[in-house]
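Peer 1: next one to model:
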Amino acid sequence: MPLTRLVSSRGTMTKFTFDTEQASSLLDLMAHSARLTVLQLISEREWDVTSLAQTVGLSQSALSQHLKKLRDGKIVTTRRDRQTVYYSAKSDAVEKMLAALDEIAMEPSKLVKASSRS
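Peer 2: I've put the predicted structure just below:
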């Protein structure tokens, strides 16, 4: 549901207008360190499954399960060349999330501020 007119417990309106269901789905897809690593790699260039498995340090079976979840979430694309399957991520949402995570990780004080609000 979009948060266009949600009022907080303090009586103020939120400034965010994103669809919470869509955002939750995207965060769920990215919420595993292996999938996040895969997304970092395939957002920069196309990777074949064998090379990706070796780089990430997962068996092809384990990687396939993560890639299936990303495919089902429609945030990765595939291309087949004979017997080799290549993966890439060309989603603007993924790019923006990775950039936001990179910015937050570069400034640990943002993590402290965010967690102290709870």
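Peer 1: ok, now which ones touch the most centrally placed residue in the chain?
Peer 2: The chain has residue 30 as the residue nearest its centroid, 3.5 Å off, counting by CA atoms, centre = their mean. By CB atoms under 8 Å, 6 or more residues apart in numbering, the contact set of residue 30 is 36, 39, 94, 97. Yep, even glycine has a C-beta here, placed from its N, CA and C like the rest.
Peer 1: switch the cut-off to 6 Å
Peer 2: residue 36 (CB atoms under 6 Å, 6 or more residues apart in numbering).
Peer 1: what segments of this protein are strands?
Peer 2: Secondary structure of the chain (DSSP state E): strands located at 47-48, 77-81, 84-88.
Peer 1: can I get those strands in JSON lines with distance to residue 106 and mean neighbour count?
Peer 2: As requested, those are arranged in JSON lines below (distance: least, CB to CB, whole Å; neighbours: other CB atoms under 10 Å):
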{"stretch": "strand 47-48", "distance to residue 106": "25", "mean neighbour count": "16"}
{"stretch": "strand 77-81", "distance to residue 106": "28", "mean neighbour count": "11"}
{"stretch": "strand 84-88", "distance to residue 106": "25", "mean neighbour count": "16"}
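Peer 1: out of those, the one nearest residue 55 is which?
Peer 2: strand 47-48 (7.7 Å; CB to CB).
Peer 1: packing partners of the longest helix seen in the chain?
Peer 2: The longest helix of the chain (DSSP state H) is helix 92-106. Using 3 or more CB pairs under 6 Å, 6 or more residues apart in numbering; DSSP states H and E as the contact definition, helix 92-106 packs against no other helix or strand.
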